[in-house]
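S.K.: my questions are about this predicted structure, shown below with the sequence.
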Amino acid sequence: MVETERYPPSAPGKTADFISFVLFCAGVMIVVAYFSRMFFFLGPAMTFMMLFVWSRQDPHRPVSLWGFAIRSWHLPYVMLVMAVLMRNSPFLNMLGIFVGNLWIFLTAAVPAVWGINLISTPQFLYTLCDGQPAPSSRGWGRGHRM
């Protein structure tokens, strides 16, 4: 299904938003790993973090895992259970799920409930990635001369 799906071109600002997403989540993971005194390769945690955030974008999308049809929001938890059944440590997987949940809470739930934006992409990332200013959130912006 993924291979046959067409993706629209990236909207302006999406690359900068993704970079700030990765930098924020990597920073949180490094701080948690430092204070838990467990220094690991944090690749599995980053993978689970991205998997968790992706699964929350379209939670009712059907996903097939080894022939079993599940919803996409179940996938991180099914993968966590599979890791435990294979006698792997669930710490990194749970760290990724925690950080992904923190990102969704700070970027979606807090602005929707309290009306404040705690995390925003810095302007220099928009300029660096797209060469243009950040998209306006007020519904208006600068015009472009033809």
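M.R.: All right, it came through fine.
S.K.: for the rest of this, base every contact and every neighbour count on C-alpha atoms.
M.R.: OK.
S.K.: please look at residue 48 and residue 91 and confirm they touch.
M.R.: No: with contact defined as C-alpha atoms under 8 Å, residue 48 does not count as touching residue 91 (11.1 Å).
S.K.: helix or strand: which one has the residue nearest the centre of the chain?
M.R.: Most central in the chain under C-alpha atoms, centre = their mean is residue 53, positioned 4.1 Å from the mean C-alpha point. For residue 53, the host element (DSSP states H and E) is helix 43-57.
S.K.: quick check: buried residues in that helix?
M.R.: 44, 45, 46, 48, 49, 50, 51, 52, 53, 55, 56 (16 or more other C-alpha atoms under 10 Å).
S.K.: tell me the contacts of the residue nearest to the centre of the chain?
M.R.: 100, 101, 104 (C-alpha atoms under 8 Å, 6 or more residues apart in numbering).
S.K.: out of these, who has the most neighbours?
M.R.: Within those, most neighbours by other C-alpha atoms under 10 Å means residue 100, with 24 neighbours.
S.K.: so which strand or helix has that residue?
M.R.: With DSSP H and E as the criterion, the answer for residue 100 is helix 91-104.
S.K.: let me know the angle separating that helix from helix 43-57.
M.R.: 40 degrees (axes from the mean of the first three to the mean of the last three C-alpha atoms, to 10 degrees).
S.K.: mean confidence (pLDDT) on the helix or strand just after helix 91-104, please.
M.R.: Beyond helix 91-104 in the direction of the C-terminus, DSSP H and E gives the next helix or strand as helix 110-114. Averaging pLDDT along helix 110-114 yields 87.
S.K.: can you list contacts of helix 110-114?
M.R.: 116, 117, 118.
S.K.: so how far is residue 20 from the first one?
M.R.: As for residue 116, its distance to residue 20 is 18 Å (criterion: C-alpha to C-alpha, to the nearest Å).
S.K.: fine, thanks again, bye for now.
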